[in-house]
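In: task: produce atomic coordinates for the following.
(one chain, ligands or ions: 1)
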Amino acid sequence: MKSAIRVLYGFGMDSTDNDLFGDREIVAEPERKPKSKKSELGQFFTGERIAAFMAGLFPQPRGSVRLLDAGAGQGALTKAFVETARSRGFKGRLEAHVFEKDEEVIPDLRTAVAGLDADGKVFEGDFIERAATMIKLGRGDRYTHSILNPPYGKINTGSAHRGFLRTVGLETVNLYPGFVGLAFEMLADGGELVAIIPRSFCNGPYYLPFRRWMFARGAILHIHLFESRNKAFKSDGVLQENIIIHMKRSVEQGDVKVTLSTDDTFEDLSETTHPFGKIVYPDDPEAFIHIPTGDDGELLSAPAFGHTLKDLGLAVATGPVVDFRLRGDMCAPDDADAVPLLYTSHFVDGELVWPKENFKKSNAIRRNANTEKWMMPFGVYTIVKRFSSKEERRRIVANVVDPARLPANEVLGFENHLNVIHKGKKPLPEDVAQGIAVFLNSTAVDRYFRRFNGHTQVNATDLRTMRFPSIDAIRSLGTWVKELGRRPTDDEIDRKIESLA
Ligand SMILES: C[S@@+](CC[C@H](N)C(=O)[O-])C[C@H]1O[C@@H](n2cnc3c(N)ncnc32)[C@H](O)[C@@H]1O
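Out: Predicted structure coming up:
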C-alpha cells in the first residue's frame, strides 16, 4: 500500500504537456483505494541521523534565532536544530514555531517542544492556509531559520490549498513546494532554510513556477543527494530519490556545494563544488536543476550540443493512443481496417518486431472516425520509451520505427508509453531518425539526463530540453549507422559522439 501511495502522490502523477494531441500522457487509470490518514497527510517522520545531518548544515547562529518548522510531526527536526545549536555552544534566545495539522500527533509534538532548551510555540491547523493568509496581509513573523520535512501529496486544481497558494502567487501541484515556497518567503533577509524533499521539483514544467519562485528570492548553497532511492526513508518503505536542499534568502547566487551519500548513514559522503551555471544552465528556459554526481562527464555542455529539438525543426509528442480508452477499437492485424499499433515491447534489441506473437496487448487498432485523430502518418520516427525499469542500464532508450517492417498503410498508432519524435506531425527523414536515436542512446546523454532527473520516467518535456548536436551532425550520425550496416556498439556510439564536441 505504501509504495502504491508514493506512486500516486510522488512522481507517478506528474504529467507534462503534449503539444500535438492535448494532454494524453496517461499511463494507467489511477488507483482508487481508500487513503490512510498517514498518506493523506504525507506523514513520514524524519529519522535521527537525517535530522542531525540537516541541523548540522546551518552555520552556528549569531544573535537570536526564530525557527520555523512547518508540518512538524513529532518535532524531530526542531529537536535536532535546538540540540545541535546548543551543543555547539549557542547561548542566545531561541524561539521555535512549529506548525502541525494532525491532532493525533500534536500531544507528542507539544511534549517534544516543551522538553527543549527553547521558547516553543505550537500552531495547530493548516500551515498553507495560515502562512498564505499572513503573507497576503503582510503580517506574521519573519524567521531566521527554517527546517522542513514537508508533507508530499498532490494539490488538485480547484482545491483550497491551490487557492491559498495562488493568492500569494505560488502555483504548484504538490504540497511540498507549497510548504517550502511559503517558508522561504517567511524568512528574513539572510535567513536560511534546510528541507528534505523529493527530487521531482528539479525538472518538469509543473515545478517551473516553484523553481522560479525560489531563485527569485535567494540562492542555493548546498544540495545533498541520497543516491539510493529506497534508503533515506526506508522505515516507511518509501521509494524515491530525495534531496536535502540548503538555501539562503536575499543573497546573490554563488557556487553550489553538492554532497552525495548512499543512505542515511552518510558513511560514504562525498563533496564537490560547482559554479551555479553547471547546476542551472544559463540558457535553459525551463531552469532544470542538475545535480552532478561525479561520473557524469560534461560533454553535453559543449557548445556543439547547444541545440534543442525545436532548433532542429523537430518536435516530440507522447504516443497518442491510450489503449484503455480505445478498448473497443483494438483489432487483429489482419482485420480490414487494421492499423499497426506500436508499444514499447515491439522494439526488441533495437529492432522493430511486429506483430508480436502471444501479445497480451493488441498489435493493431481499427482506423475509424473515433480513432482517426489519434493516428500519425505512416513512416519513419524515432521513439523513446517513457518508462524504463530501474534495472535497465540506460534511462533513455531510443529506437527507430522502420516502416519496411510493417504492412504498408497510411497511418500508424503509437501507444501512450512511447514518446514520438516527429517533424511537423509528420515522419522524419531516415538519416535524421537514425541520428537522433544513436545520439539519445549514448552514454553522454544518459549521464546528462541523470543529472536532472532522479526517476525512471522520460517525459516529452525532458526531451524538449535535451541538448542535441546540429542537424548536420545528426544527419552524419544517421549516415554513419547506415554505412555501418549493423547496430553500432555502445563504445562506437560514445566515441562518435565525443568526436562531435
Ligand atoms: C513528512 S511529515 C514530516 C514530519 C516532521 N517534519 C518530521 O520531519 O518528522 C509531514 C507532516 O506534515 C503534516 N501536515 C500535512 N499537511 C499539513 C498542513 N496542511 N498543515 C500543517 N501540517 C501538515 C503531517 O501531519 C505530517 O506530520
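In: from now on I want contacts and neighbour counts done on CA atoms only, so please keep to that.
Out: Fine.
In: quick one: mean pLDDT for stretch 177-189?
Out: The predicted model assigns stretch 177-189 a mean pLDDT of 97.
In: and the longest strand for the protein?
Out: strand 187-198 (DSSP state E).
In: skipping adjacent residues, who's closest to Pro355 in space?
Out: Once flanking residues are discounted, Pro355 sits nearest to Asn363: 5.7 Å by Cα to Cα, 6 or more residues apart in numbering.
In: distance-wise, check Thr133 relative to the ligand.
Out: Relative to the ligand, Thr133 is positioned 13 Å away (criterion: Cα to the nearest ligand atom, to the nearest Å).
In: neighbours around the residue lying closest to that residue once chain neighbours are set aside, how many?
Out: Residue nearest to Thr133 in three dimensions, not counting chain neighbours: Phe164, with 7.4 Å by Cα to Cα, 6+ apart. As a burial measure, the neighbour count of Phe164 was computed by other Cα atoms under 10 Å and equals 20.
In: list the buried ones in whichever strand or helix holds Phe164?
Out: Per DSSP states H and E: Phe164 is located in helix 160-167. Using 16 or more other Cα atoms under 10 Å as the burial criterion, the residues of helix 160-167 that qualify are 161-165.
In: which other residues reach it?
Out: Taking contacts as Cα atoms under 8 Å, 6 or more residues apart in numbering, the residues outside helix 160-167 that touch it are 128-129, 132-133, 136, 155-156, 171-173, 178.
In: and the ligand, is the next helix or strand along the chain from that helix touching that?
Out: The element immediately downstream of helix 160-167 (helix or strand, assigned by DSSP H and E) is helix 175-185. No: figure legend: helix 175-185 not in contact with the ligand (Cα under 6 Å from any ligand atom); closest approach 7.6 Å.
In: now the end-to-end length of stretch 369-376.
Out: According to Cα to Cα, to the nearest Å, stretch 369-376 extends 14 Å from its N-terminal end residue to its C-terminal end residue.
In: so how far is that stretch from its chain's centroid?
Out: What separates the centre of stretch 369-376 from the centre of its chain is 31 Å, taken as Cα atoms, centre = their mean, to the nearest Å.
In: please apply the same query to stretch 442-452.
Out: Per Cα atoms, centre = their mean, the centroid offset for stretch 442-452 relative to its chain is 14 Å.
In: what of stretch 242-255?
Out: Once both centres are worked out by Cα atoms, centre = their mean, stretch 242-255 turns out to sit 19 Å from its chain's centre.
In: before we move on, what about stretch 435-449?
Out: 19 Å.
In: hang on, the earlier thing: closest to the ligand among the buried residues of helix 160-167?
Out: When the buried residues of helix 160-167 are compared for distance to the ligand (Cα to the nearest ligand atom), His161 wins out at 8.0 Å.
In: and the longest helix seen in the chain, what does it pack onto?
Out: Selection of the longest helix in the chain by residue count, based on DSSP state H, yields helix 471-484. Judged by 3 or more Cα pairs under 8 Å, 6 or more residues apart in numbering; DSSP states H and E, helix 471-484 is in contact with helix 430-440.
In: neighbours of the closest residue to His346 other than its chain neighbours, just the number please.
Out: Counting by Cα to Cα, 6+ apart, the nearest residue to His346 once its immediate chain neighbours are dropped is Val353, at 5.1 Å. Other residues lying near Val353 total 17 when counted by other Cα under 10 Å.
In: Val353 and Phe288, how far apart?
Out: With distances taken as Cα to Cα, Val353 is found 36 Å from Phe288.
In: try Glu95
Out: Counting by Cα to Cα, the gap from Glu95 to Phe288 is 35 Å.
In: of these two, who's got more company?
Out: A side-by-side neighbour count of Glu95 and Phe288, using other Cα under 10 Å, places Phe288 first with 23 against 19.
In: kindly confirm my reading that that one is in a helix.
Out: No: in this structure, Phe288 is coil, not part of a helix, as judged by DSSP: H, G, I helix; E, B strand; the rest coil.
In: that older thread, and the longest helix of the chain, C-alpha only, in CSV?
Out: As requested, C-alpha coordinates have been extracted for helix 471-484 and formatted as CSV (Å, rounded to 0.1, in the frame of the first residue of the first chain):
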residue,chain,number,x,y,z
ILE,A,471,21.1,18.9,-37.7
ASP,A,472,24.1,18.3,-39.9
ALA,A,473,25.8,16.4,-37.2
ILE,A,474,22.6,14.4,-36.6
ARG,A,475,22.4,13.5,-40.3
SER,A,476,26.0,12.5,-40.3
LEU,A,477,25.4,10.1,-37.4
GLY,A,478,22.5,8.6,-39.4
THR,A,479,24.6,8.2,-42.5
TRP,A,480,27.3,6.6,-40.4
VAL,A,481,24.9,4.0,-39.0
LYS,A,482,23.6,3.2,-42.4
GLU,A,483,27.0,2.7,-43.9
LEU,A,484,28.0,0.5,-40.9
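In: next, the angle from it to helix 430-440.
Out: Between the axis of helix 471-484 and that of helix 430-440 there is an angle of 100 degrees, by axes from the mean of the first three to the mean of the last three Cα atoms, to 10 degrees.
In: mind checking how far stretch 409-429 is from the chain centre?
Out: With Cα atoms, centre = their mean as the basis, the mean position of stretch 409-429 lies at 25 Å from the chain mean.
In: tell me the buried residues in that stretch?
Out: 411-423, 426-428.
In: contacts only, for the residue nearest to Thr272 when sequence neighbours are not counted.
Out: Excluding its sequence neighbours, the residue lying closest to Thr272 (Cα to Cα, 6+ apart) is Val258, at 5.3 Å. Taking Cα under 8 Å, 6+ apart as the criterion, Val258 is in contact with 222-225, 271-274, 291-292.
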